[in-house]
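# Make a model of this:
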Amino acid sequence: MTDLKAIVYEHRSQLNGSEREMIQTTLSHPSIFSELGLKQLAQKLFVSESAIFRLCKKLGLSGFSEFRFYLRSLAASQAEGTEVVSNFATSLAKANQELVRMFRELNLRDFYQTISQAEHVYIYSTGWQQQMIAQYLAHELFMVGKQAIVLPAAFDELRMANVFAKLGDLLVIISFSGDDVKINTELTRLALVNDKFKYVALTNMKQNKLAYLADYNFYYPTIKLADYPDFPNGELAFGPAYSLVDLLVSGYLDWLQKK
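Predicted coordinates:
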C-alpha cells in the first residue's frame, strides 16, 4: 500500500505554503495527529475543517478518513522502526483494525434504506478475486433476506441487467483499481440513458473514477502476502474486502432489527 510520504511527494507541486505547513506538522508527529478527529485536528493546526478537506483532495484522497488511515499507518510503521511490515498476520490485523475504525465513522442510514427498498441487487465484478468477493456478498445478503444476482464479467450481461432493472435497484461494482476505462465509460452511458439504478462501488483504498460515479462508495485496503524474489510486485491479499462485506451486511441487519 502506498506510503503517505510518497503520496505527499507525488502531489507536492499542487500544495500551497499553508498546506505544506499542515503536512509537515502532521508528518512530524503522526502518532499524535492520527488519533484526532477532524474538528480537533483543525483546531490543532489553526485551520478550518474545509481547509483539511481541500488538502485531502489535492493529495488525491477521498477525504479525511482516508488521510487519517494513512497517517495511522505511518505512525505504526515508525513505532516498529520500519515502513514495511513483513509479518502477514500483523499486517492483516492492522488493516482490519483501520477498516473497522473507518467504518464506524460512516453514517449508513440512507444506504441501508436504499438496500431495503431495492427489489433486486445486481453485483458486477472485475477479476477472479473480485468475482469471489461478489459471490460472498451475494451469499451474505441472502442470509439477511436479500436476493442478489451476480453478473458475469461481461458488458452484455451488465447491459441486460440495465434493461430489466426496476427503479431503485442496486448495482454493486467490485473493482480493485476503480479506474477501468471500459467499465466507467459503460456506467456513465447507463446512467445517462437509464436512472433506475443506485450505484455502489467497492474499490481499493484510493481516489478513483468509479468511486466518483457511484452513489455510495466503500474502500477496502489490500495487503501483500509476502515479498519473494519471484514475485517482485508482491501477491495481494483481499481479506479486508471480505471484512468490509461482513461489516456492511451485519450493519444492515442491525438497522433492520432497530427499524
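# where exactly do the strands run in the stretch 51-200 of the chain?
If DSSP state E, counting those that start in this stretch is used as the criterion, the strands of the stretch 51-200 of the chain fall at 121-125, 148-150, 170-175, 198-204.
# residues making contact with the first one?
With Cβ atoms under 8 Å, 6 or more residues apart in numbering as the test, strand 121-125 has contacts from 115, 131, 133-134, 137-138, 141, 146-151, 153, 157-158, 161, 165, 169-175, 197. Placement of C-beta: from N, CA and C, glycine included.
# For the nearest residue to I149 once chain neighbours are set aside, grab the count of nearby residues.
Of all residues not flanking I149 in the chain, Y122 sits nearest, at 5.2 Å (Cβ to Cβ, 6 or more residues apart in numbering). Residue neighbour count, defined by other Cβ atoms under 10 Å, stands at 25 for Y122.
# Quick check: the gap between Y122 and L253.
When Cβ to Cβ, to the nearest Å is applied, the distance between Y122 and L253 equals 21 Å.
# T126 now?
Distance from T126 to L253, counting by Cβ to Cβ: 28 Å.
# Of these two, give the one with the bigger neighbour count.
With neighbours defined as other Cβ under 10 Å, T126 and L253 compare such that T126 has more, 19 against 15.
# got a list of what the more buried one touches?
The contact partners of T126, taken as Cβ under 8 Å, 6+ apart, are 153, 174-176, 180, 183.
# So in this protein, which helix runs the longest?
Across the chain, the helix with the greatest residue count (assigned by DSSP state H) is helix 239-258.
# could you dump it to CSV, C-alpha only?
As requested, the backbone C-alpha atoms of helix 239-258 are provided in CSV (Å, rounded to 0.1, in the frame of the first residue of the first chain):
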residue,chain,number,x,y,z
GLY,A,239,-9.0,-10.4,3.3
PRO,A,240,-10.1,-6.9,4.4
ALA,A,241,-12.6,-6.8,1.5
TYR,A,242,-14.4,-9.7,3.0
SER,A,243,-14.4,-8.0,6.3
LEU,A,244,-15.9,-4.9,4.7
VAL,A,245,-18.7,-7.1,3.3
ASP,A,246,-19.3,-8.5,6.8
LEU,A,247,-19.4,-5.0,8.3
LEU,A,248,-21.9,-3.8,5.7
VAL,A,249,-24.2,-6.7,5.9
SER,A,250,-24.2,-7.0,9.7
GLY,A,251,-24.8,-3.3,9.9
TYR,A,252,-27.8,-3.7,7.6
LEU,A,253,-29.1,-6.5,9.8
ASP,A,254,-28.7,-4.3,12.9
TRP,A,255,-30.6,-1.5,11.1
LEU,A,256,-33.4,-3.8,10.2
GLN,A,257,-33.8,-5.0,13.8
LYS,A,258,-33.9,-1.5,15.1
